[in-house]
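Undergrad: Fold the following, please.
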Amino acid sequence: MNRHILSLSLCLLVFLAAMAQPMTTVRGKILDTDGETVPYAEVTFRDGAGTALSNGDGDFVLSGRTRSDFVQFSALGYNEIEMQIVRGIDQLVSIKLEYSSSDLGEIVVSGRRQRRYRDEKAVSLQKMVIDHKKDNAPEYFDTYEFKEQSQVQIGVYNVAPGIKTIKLFKPFWFVFDYADTVDGVEVMPAVLAERLSDIYVQNNPKKRVEYVNASQFSGAERDGSKAELLNELFPPFTAYDDVFLAGGKSFASPFSNTGLSSYRYFLTDSMIVDGVKRYRLDFSPRQVQMLALSGTAWVEDSTYAILSFEFVLPPKANLNFVNTFYVKQDFEKIDGQWVDVRNYMRVGFSIFKRSTDIRHLTTDDIKYSIDSCMDLKDSLNSELKMLLKDEDLSREEKQTLKEDYQTQIDNVNYDRRGHRKSLKQKRREKMQIMLQQIKTKADIQIGTEIPDTIFRGEKLQFDSAAYSRDSEYWQDNRIVELTQQQENIFLMIDSVKKKPAFTTWKWIADFAVTGYMPFGILEVGRIDETVSWNEIEGVRPKLALRTTDALSEAFQLWGYAAYGTKDRDWKYLGRAFFNLPTRNERWHNLLLSYQDDFRFLSNVENDDPTDHDDLVEALLRNGPLNKIMRVEEYRGAYTREWVHGLTTELRLSRRSYFPTAGNLEFIRTSENNGTVTVESLDQFNVSEVTLRARIGLGETWLQFPYRRISTTSLKPIVELDFAFGIKPSAGSKLAPLGGDYSYQRIYMNYYHRFSHKAGYTRYTMRAGYVFGEIPYPLTFIHEGNNGYFYLTRGFNMIREFEFISDRFATLWVDHHFDGQILNRIPGINRLKLRTILTGKVLIGDFSARNKEVLDLPEGTRDWEKITKPYFEVGFGIENILYVFRLDFIWRLSALDALPSTGIEPNRFGVKISLSPKF
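TA: Numbering: from 1, shown residues only. Now for the predicted structure:
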């Protein structure tokens, strides 16, 4: 008994002695001799009382009750060093590691400059993964089929505590009882979308088809079709892809052929599982603000297949409104191949400054005092001054040294998550919208024979009962069951919709988004078109009404009436839109309309029936609006999407054009035997049949009951228009329905946006040709810009009606660097500005035969006097305060005064625009 008491006493004494040791904390940044950060270095007290790893930016924090006065620093490819410390205090240090001559070699990449990669073994492993892609990547399997369950969940992350006490939200306080947690932080679920599919893939020739067996959506409405909208927010990718696309941005892949120029690689761990060795390969961006990723991959020896893949967006990356971008892919070995069986993605959106990543690996933030930061700054400045005294350094080497040290000095003010440090720094999370997607695969079969009939038809096909599956079907066919929190989403939304306050909030939300004020089955608006003004009509009040899907999703009725106080005349529009039966969510509808109103003249490039009566445009207009023409039109249009990516429209229209007094008169001047005759026309009529085709393979759409919006396409989009003017003979029964002119008009638009390492490029090629004799309002009137705002779909340095063509070709190009240039400039990089280059060219002609039909308006140039194409070029800066864009544009040709008016064109212009982007 006494022996047990004695043992217990000795243990207690040892414990108290250990606790008597004061807590020692060492924190700081680890650099190499070139001044670059060393991520994932190991930091250890000599007596083993504590161990830590530096993060991707080289920052570390080590705490423990140690009896040693030394800390050891080691990293793969570097010599291990020891540093003496002071026990019992919180201290800030700066560490420099030297390269190990025995472990490291140099890999030289040919080009204008040489670059060393720090970890030869890690780089070799990365190259082996690339070399074995065709053996391991699923896209190279002969055939591949599986079942997939896709879940997309939207919620409010880290709900601000104050919201729960706001009386305005009192009717919905009960929803906080349904809160979930992610990484220990509260998330309020709001929407859940599910989809169950059978997917078949073939490599040669490449084919892929997805059969959707079930789809449902819970949220503001239970409508399975809206689940497809959420799935389009997450373009699929694998760890083997060269580029990852998200939010319209291109992220360089760590396993692309150009990965070495974007990433640093580190071999940090290894293990043996079932007798096979595995390596842990860590990667991080070479620059903290470039669009690259930080993460980890486990790679199998001998096969060099990826076994798991995980990454997160660095906090200082030049990306807006995205606080979090985290992906994790898990692989399983099936039939001798490693296949990704679970893909998890989490994206956090916020309009506020980026906050702590919601994937926090630890709960302790690195905190610095202002005094410690100043000490480290002084130390780095002193060290830089000593290095610059070296007379053997060239001017370029000294400049590079200054830039490297300035980056380190700037980073002193920020912790490892990109937060500015202060004495009162606390771990805080900003409220944000969080989207999570989980894709789980099952019944995976590799190399099996897939019948050719499977690949017939469209790439995405829906079962006729996909949107009407009952709960029993979902329970029997889900690969992974819903969590209790996910199941509660349905109950929570049903409860919310029963609250009277929900109707009020929904009304406000609909009005804010659409500009229309909903009143049951009718909407009134748009608010920004309720009143406007121009030189022809004077002040123009307008009342517009349209039906909502509360009346029917099968059709919509829309109309407006407007009155001009100057011309004292009414204008009207009546439109009926009908959704026709369809399959696989293909667009299929019929439109009937009548309009009698003023409009801008453009036959193809502008199809907006209310394009000139916007209040904001009226307020910001630079000069009078008088180049508009009154047109009365009857129109019928039948649109059908035959397969996803191919849409056609057949349009029948009859239009009457009326001159605008004092501005756009219909004058015909002719000469016969020296006699000049001037004739004035009151109007002319056109009967036209138009066939339109849009080819956009891979194009995705956000589809609503009465309209749809194109979102993304990795392939070119081609639009073709063929218009035929009908003029029956005088004795024909169809003469009253016919027009005054017989003609044919062809128009082509080719658009492509492609992403690459240097950002993304967009280019548009357009061309048109008119056969026959027609007046200029039926030809191609190239849109000019007299305002302050940048015009994307027109020319910014020409005036209205300056260029009119009956045959033309244009090329528009703009390249967005996505911060690739300004990210490299210290100080400027904090603003996250992005540069753009733009260029537009136009070449055309207006034939003599059409000049005889109707005189061109004043200020229109004669193509015969233009010796070279019209050019305008410029550069711009976007992402100014996250939403503004500023363009500087130069006009390079057609610089002489405009005919008739004598106005000199501007050779330089500055345009502003709103351009919020991720």
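
Undergrad: Who is Ser710 paired with across the strands?
TA: Trp701 (DSSP bridges).

Undergrad: what's the pLDDT at it?
TA: As predicted, Ser710 sits at a pLDDT of 82.

Undergrad: can you pull the contacts of it?
TA: Each residue near Ser710 by Cβ atoms under 8 Å, 6 or more residues apart in numbering is listed here: 696, 699-701, 717. Where C-beta positions appear, they are placed from N, C-alpha and C, glycine not excepted.

Undergrad: Buried ones only from those residues, please, as a PyMOL command.
TA: To isolate the buried members of those in PyMOL, using 16 or more other Cβ atoms under 10 Å:
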select buried, resi 696+699+700+701+717
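
Undergrad: List just the nearest of the contacts of Ser710 to Phe918.
TA: Minimum separation from Phe918 among the contacts of Ser710 (Cβ to Cβ) is found for Thr700, which lies at 16.3 Å.

Undergrad: Mind jotting down where the strands sit in the stretch 251-400 of the chain?
TA: With strands called from DSSP state E, counting those that start in this stretch, the stretch 251-400 of the chain shows them at 263-273, 276-285, 294-300, 306-312, 322-334, 337-349.

Undergrad: Let's have these in JSON lines, adding mean neighbour count and distance to Ala512.
TA: Shown next, in JSON lines, are these (neighbours: other Cβ atoms under 10 Å; distance: least, Cβ to Cβ, whole Å):
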{"stretch": "strand 263-273", "mean neighbour count": "18", "distance to Ala512": "42"}
{"stretch": "strand 276-285", "mean neighbour count": "20", "distance to Ala512": "38"}
{"stretch": "strand 294-300", "mean neighbour count": "22", "distance to Ala512": "37"}
{"stretch": "strand 306-312", "mean neighbour count": "21", "distance to Ala512": "33"}
{"stretch": "strand 322-334", "mean neighbour count": "19", "distance to Ala512": "23"}
{"stretch": "strand 337-349", "mean neighbour count": "20", "distance to Ala512": "17"}
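
Undergrad: Could you dump those strands into CSV with distance to Asp569 and mean pLDDT added?
TA: Formatted as CSV, the entries for these read as follows, by distance: least, Cβ to Cβ, whole Å; pLDDT from 0 to 100:
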stretch, distance to Asp569, mean pLDDT
strand 263-273, 66, 85
strand 276-285, 62, 87
strand 294-300, 64, 89
strand 306-312, 62, 89
strand 322-334, 50, 85
strand 337-349, 47, 87
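
Undergrad: For Arg208, find the nearest of those.
TA: strand 337-349 (15.4 Å).

Undergrad: still on that earlier bit, return the closest of the contacts of Ser710 with respect to Glu210.
TA: Using Cβ to Cβ, Thr700 is the member of the contacts of Ser710 that lies nearest Glu210, at 13.3 Å.

Undergrad: Surely the closest one is in contact with Thr711?
TA: Yes. Using Cβ atoms under 8 Å, Thr700 and Thr711 qualify as a contacting pair, with a distance of 4.9 Å.

Undergrad: Adding pLDDT and distance to Glu537, write the contacts of Ser710 out as JSON lines.
TA: Conversion of the contacts of Ser710 to JSON lines gives the following (pLDDT from 0 to 100; distance: Cβ to Cβ, whole Å):
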{"residue": "Gly696", "pLDDT": "89", "distance to Glu537": "38"}
{"residue": "Glu699", "pLDDT": "80", "distance to Glu537": "38"}
{"residue": "Thr700", "pLDDT": "76", "distance to Glu537": "40"}
{"residue": "Trp701", "pLDDT": "79", "distance to Glu537": "36"}
{"residue": "Ile717", "pLDDT": "93", "distance to Glu537": "36"}
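
Undergrad: Could you check how far Val513 is from Lys506?
TA: With distances defined as Cβ to Cβ, to the nearest Å, the gap from Val513 to Lys506 amounts to 11 Å.

Undergrad: Now do whichever strand or helix holds Ala512: which elements does it pack against?
TA: Taking DSSP states H and E as the definition, one finds Ala512 inside helix 500-514. Helices and strands touching helix 500-514, as assessed by 3 or more Cβ pairs under 8 Å, 6 or more residues apart in numbering; DSSP states H and E, comprise strand 517-519.

Undergrad: just for the stretch 651-800 of the chain, where's the confidence low?
TA: Across the stretch 651-800 of the chain, residues meeting the criterion (pLDDT under 70) sit at 712, 735.

Undergrad: show me where it has strands.
TA: 667-672, 675-680, 684-695, 701-703, 708-710, 717-725, 743-756, 759-772, 780-781.

Undergrad: Out of those, which is closest to Leu892?
TA: strand 759-772 (18.5 Å).

Undergrad: contact partners of that closest one?
TA: Strand 759-772 has contacts (Cβ under 8 Å, 6+ apart) with 248-250, 604-605, 725, 741-754, 778-780, 805-818, 820, 850.

Undergrad: mind running it again at 6 Å?
TA: Contacts to strand 759-772, defined as Cβ atoms under 6 Å, 6 or more residues apart in numbering, come from residues 742-753, 779-780, 806-818, 820.

Undergrad: Can I have the buried ones of those as a ChimeraX selection?
TA: Only the buried entries of the contacts of strand 759-772 go into this ChimeraX selection, using 16+ other Cβ under 10 Å:
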select :742,743,745,747,748,749,750,751,753,779,780,806,807,808,809,810,811,812,814,815,816,817,818,820
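
Undergrad: Phe176: what secondary structure?
TA: Under DSSP: H, G, I helix; E, B strand; the rest coil, the three-state class of Phe176 is helix.

Undergrad: so what pLDDT did it get?
TA: We have a pLDDT of 73 for Phe176.
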